[in-house]
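Visitor: Got a predicted structure here, sequence first:
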Amino acid sequence: MNRIAKLQSSQALYMVDFFRDHPGTTYLPYELTDYAGPQCPGLLGDFAFLGPGVNISVDNIKAKTAWYAEQPRVPWRTRPQSLGNVRTAFHAIDQFALSLALAEAVVPSGSGGCFQLPHQRYLHRGGVGRPPLAGVEAIHDKVVSSCASKCFDKCGAAASSFDAPCAVQAAERGSPKCRCIWEPGPGGVPQLLRQCEGAS
């Protein structure tokens, strides 16, 4: 809320989607390689706040979607490159279109008007298991409930790795036995306590 309060008119905040800089180990906010206009680097389409005065038309979203759909299915369609660009031609097409349309709508355009939320507190994980959540205010992932799964938060073997699916890691190192206990947390909000056997 503090970050929202500090926004000026026609500005936006968003969670960051990092792409791995293969073959290296650095993670960077993605950009669309051949797009000449402004971008909101790394914008995650599922977690954005548009401040007052930000106006995006349906026609603009359609135009950006059509532009992306016409791009070649090659790894270097994004920076950093991603093999996902080849395997899934239209995955996250709405996200990429929003990144471009929002960048035009904010003032000033591009990264001067659309701001990344700190990734340590606003965390995008996709299908990878959840890491320790100390200090995390919001998380975007595909884990509906990690209880009794191989990806069971920190109980999942090596689930803190950023880029490897925790199910694979668990198979390699052996999945510990876990059970879930819910207790009242700060302010009465339930928190999940993990009890595991054999977790490292």
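Guide: On my side now, so go ahead.
Visitor: give me the element G24 is part of.
Guide: Using DSSP states H and E, G24 sits within no helix or strand.
Visitor: quick one: contacts for it?
Guide: Applying Cβ atoms under 8 Å, 6 or more residues apart in numbering, we find G24 in contact with no residue. Using the backbone N, CA and C atoms, a C-beta is placed for each residue, glycine as well.
Visitor: if I look at it, how far off is Q116?
Guide: 21 Å (Cβ to Cβ, to the nearest Å).
Visitor: Contacts only, for the residue nearest to A48 when sequence neighbours are not counted.
Guide: Spatial nearest neighbour of A48, excluding adjacent residues (Cβ to Cβ, 6 or more residues apart in numbering): Y14 at 4.1 Å. When contacts are counted by Cβ under 8 Å, 6+ apart, Y14 is found next to 40, 42-44, 47-49, 102, 114-117.
Visitor: How about L117?
Guide: Counting by Cβ under 8 Å, 6+ apart, L117 makes contact with 3, 13-16, 47.
Visitor: got it, and D94?
Guide: Contact analysis of D94 by Cβ under 8 Å, 6+ apart lists 45, 65.
Visitor: redo that, cut-off 6 Å
Guide: Neighbour list for D94: G45 [criterion: Cβ atoms under 6 Å, 6 or more residues apart in numbering].
Visitor: For it, give its distance to R3.
Guide: Taking Cβ to Cβ, one finds D94 at 24 Å from R3.
Visitor: How about P118?
Guide: In terms of Cβ to Cβ, P118 sits 9 Å off from R3.
Visitor: Pass me the low-pLDDT residue ranges in this structure, would you?
Guide: Scanning the chain for pLDDT under 70 picks out 126-132, 143-200.
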